[in-house]
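Enquirer: Return atomic coordinates for the entry below.
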Amino acid sequence: MLERVTQTPICQENNNYQEKETLVHSGEDYFLRAQNIILNAQSVIHIQMYIFENDATGIEIINALKKVAKQNVKIYILLDGFGSYSFPNVILKELTQLGINIRFFSPFFSGNNFYIGRRLHHKIIVADGTIALIGGINISNKYRGTTTESPWLDYAIQIENNKTAIQLEQLCQNIYFKHKRTHRLNFQSVFYSNKKSTVTVLQNDWLKRNNQITIAYVKSIQKAQKEVIIIGCYFLPGRRFTKVLKKAAKRGVKIRLILSGISDIPLMQRATYHLYSSLLQNNIDLYEWDKSVLHGKVALVDNKWATIGSFNLNHLSSYGSIETNVVIESAKFAKNLASNLNTVISQCEKITSETIERKSSLFTIIANWLSYQFVRATLIIITYIPYNRFLNKYREEN
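Expert: Numbers count the residues shown, from 1 in each chain. The predicted structure is shown next:
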């Protein structure tokens, strides 16, 4: 087995697999749970991943899948055609010969078509309709850690709740089998309930008029009274969301954003830099995580309402990709998450106006502005192409 740099999950409580909702960290925490779920499956496994790499981590997951496939567990794997473009054909053939059902969502090249924009951005593992892992973590060494690098900072949630796991299984079935009328999960509009624990599955597939995650983010911040903490990689929100954040800060809500100090997409990072001055001027606190690449997509509002999933606060997640998040309303879960996020913040560099002034030059100001304009325009274009194709197909069918 590949030796790895071990990074202790920040403020992680003693893992208890009996809990119904458990905060899961990138690194060994996530991948040990993933293998445990696969190896203990009795009847059916659904895996939907944006990226599934054929590295040491991917091979371990593949070997676990091969083992349970020989025990007659039905397995359905859906990989994104772009994110998992490099998945080897030889492995694909091996899995298929073992009876594992595997296909690619929207292959990058298909016949005379060239598909961009609408991607399957899920990171979901669900078994037997009883247990699930969902979050922002792909199957790759990057998220687990290697001999030389710490894992990317990211999160998931393990759910041992039959109702929620069944919903996630149904969602995976609908997409895998290309059901035209996908089951539309009920969207819970009342966020703060008196129940001890409530988990709600939210979907974003704008082309099919499903904007639950976007709406949930906006409404939760509009209802915020004390504090909002967001971990946002690839943070480039639209004007509406930015306005909601600024309004919340103006009425006295403490807004803290944890952003990328190290990014795997430098151009996106520069585009985000362009927003810093405006956010700071509106009393929004900014922190940069620079211990590893930041890939998390997490929000916590008033220590009551939390969301974790695949959804990024940018145009692509809002209007292009298929995303799934869960909302967790649990005092115990929120307390654990708040402790974790506050520890992350304590290890971040706080960005101030003085920080920006010290690091800025005419060149960086222009480069950040150009990056912002270019990235925004690119995201709009690549989401318009599938939208236009979808509309033409809809007109043909009707």
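Enquirer: who does the closest residue to Leu279 other than its chain neighbours bridge with?
Expert: Once flanking residues are discounted, Leu279 sits nearest to Leu286: 6.1 Å by CB to CB, 6 or more residues apart in numbering. All C-beta atoms are positioned from the backbone trio N, CA, C, and that covers glycine. Counting by DSSP bridges, Leu286 forms beta bridges with Leu257, Ile351.
Enquirer: I'd assumed Ser277 was in contact with Leu286.
Expert: No: counting by CB atoms under 8 Å, Leu286 stays clear of Ser277, with 10.1 Å between them.
Enquirer: Comparing these two, which residue is more hemmed in?
Expert: Between Leu286 and Ser277, Leu286 has the larger neighbour count (other CB atoms under 10 Å), namely 22 against 15.
Enquirer: State the distance from that one to Gly27.
Expert: Look at Leu286 and Gly27: by CB to CB, to the nearest Å, they are 25 Å apart.
Enquirer: Kindly report the same for Ile262.
Expert: 16 Å.
Enquirer: Which of the two has more residues huddled nearby?
Expert: Gly27 (25 against 15).
Enquirer: next one: phi and psi at that one?
Expert: phi 100, psi -160 (degrees, to the nearest 10).
Enquirer: One more: His121?
Expert: phi -100, psi 10.
Enquirer: Just give the closest residue to it, not the sequence neighbours.
Expert: Closest residue to His121 apart from its sequence neighbours, by CB to CB, 6+ apart: Ser321 at 4.1 Å.
Enquirer: quick one, what contacts the one you found?
Expert: Ser321 makes contact with 118-121, 204, 310, according to CB atoms under 8 Å, 6 or more residues apart in numbering.
Enquirer: Tell me the confidence at it?
Expert: Note for Ser321: predicted pLDDT of 91.
Enquirer: these two touch, right, Tyr161 and Thr22?
Expert: Just so we're on the same page, residue 161 is Asn rather than Tyr. No: counting by CB under 8 Å, Asn161 does not reach Thr22; the two are 11.0 Å apart.
Enquirer: After the lowest-mean-pLDDT helix or strand in the chain, which helix or strand is next? Please name it.
Expert: Every helix and strand in the chain was compared by mean pLDDT, DSSP states H and E; the lowest is strand 113-114, with a mean of 46. The first helix or strand that comes after strand 113-114 along the chain, using DSSP states H and E, is strand 123-127.
Enquirer: residues making contact with the helix or strand just after that following strand?
Expert: Note on strand 123-127: by DSSP H and E, the next helix or strand toward the C-terminus is strand 131-135. Strand 131-135 is touched from outside by 24, 30, 33-34, 37, 123-126, 154-160, 164-165, 168-169, 297, 308-310, 324-326, with contacts defined as CB under 8 Å, 6+ apart.
Enquirer: Now do the strands in the stretch 151-300 of the chain.
Expert: Taking DSSP state E, counting those that start in this stretch as the test, the strands found in the stretch 151-300 of the chain are 155-159, 197-205, 210-211, 227-232, 254-260, 284-289, 297-301.
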